[in-house]
Each structure stands twice: as C-alpha cells, then as structure tokens.
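[1] got a sequence here, can you model it:
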Amino acid sequence: MLFGNKIKELRDEQGLLQRQLAAFLEIDTPMFSKIERGDRRAKREQVIKLAEYLHQDEKEMLTLWLADKFIDAVDDEQERDLCNDAIIIAQEKIRAM
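    Next comes the predicted model:
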C-alpha cells in the first residue's frame with residue numbers, strides 16, 4: 001500500500017478531494033478510494049497522470065506502485081526467507097536483461 005499511502009499523503013497536503021483526483025483520472029470516487037486504500041491497483045497510465053497532477057517524480061511514483069505489486073505477489077507466502085531469496089534471484093535476472 002505504499003502507492004496508496006503516498007497519494008493520500010500528497011492529496012491531503014495539497015488540500016485535494018478524492019473526487020477531484022477521481023474526475024482527473026476519469027474514474028468514479030469509490031474506485032479512487034479503493035486505489036488509495038490499496039484495495040485496487042491503479043493502472044500504469046493512472047500512476048503517470050497522478051504523478052504529473054500532484055507534481056511528483058514519475059519514476060518515484062512508479063517505483064512505489066511496482067513495489068506494491070511485488071509485495072502483493074509474496075504477501076501470502078509464509079516463509080519470509082523464501083520471499084527474500086526469490087527477490088534476490090529476480091534482481092539478478094532483471095540486471096541480466
């Protein structure tokens with residue numbers, strides 16, 4: 001929920017309402033609320049649009065969004081050491097790409 005927390009923090013700092021950001025993204029307010037709470041994943045294009053609207057670094061926002069995807073992928077895994085090992089292997093594979 002790193003991305004959702006970040007957009008909530010920024011929205012609050014800038015005095016924006018959920019409905020304003022929802023309208024900007026052309027989605028309904030309940031959908032935006034789910035994104036902010038981490039109950040639904042934003043689309044990549046929405047992350048980029050939000051970064052621009054909230055005057056944030058696009059790469060930083062995409063990094064938080066992608067980190068959430070990783071966390072969701074291993075969330076149910078009981079063995080945390082296994083998750084860490086898998087992340088290390090994935091990092092190595094990504095570097096080799």
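
[2] so D39, which state does it fall into?
    Recorded secondary structure, D39: coil (DSSP: H, G, I helix; E, B strand; the rest coil).

[3] equivalent analysis for L50, please.
    What three-state DSSP gives for L50 is helix.

[4] quick one, helices of the chain?
    Listed in chain order, the helices of the chain (DSSP state H) span 2-13, 18-25, 29-37, 44-53, 58-74, 80-96.

[5] can you pull out the residues in contact with the third one?
    Spelled out, that is helix 29-37. With contacts defined as CB atoms under 8 Å, 6 or more residues apart in numbering, helix 29-37 is touched by 1, 3-4, 7-8, 11, 18-19, 21-22, 25, 40-42, 46. From N, CA and C alone the C-beta is placed, and that goes for glycine too.

[6] for the shortest one, same thing?
    Contacts to helix 18-25, defined as CB under 8 Å, 6+ apart, come from residues I7, R11, D28, T29, M31, F32, S33, E36, Q46, K49, L50, Y53.
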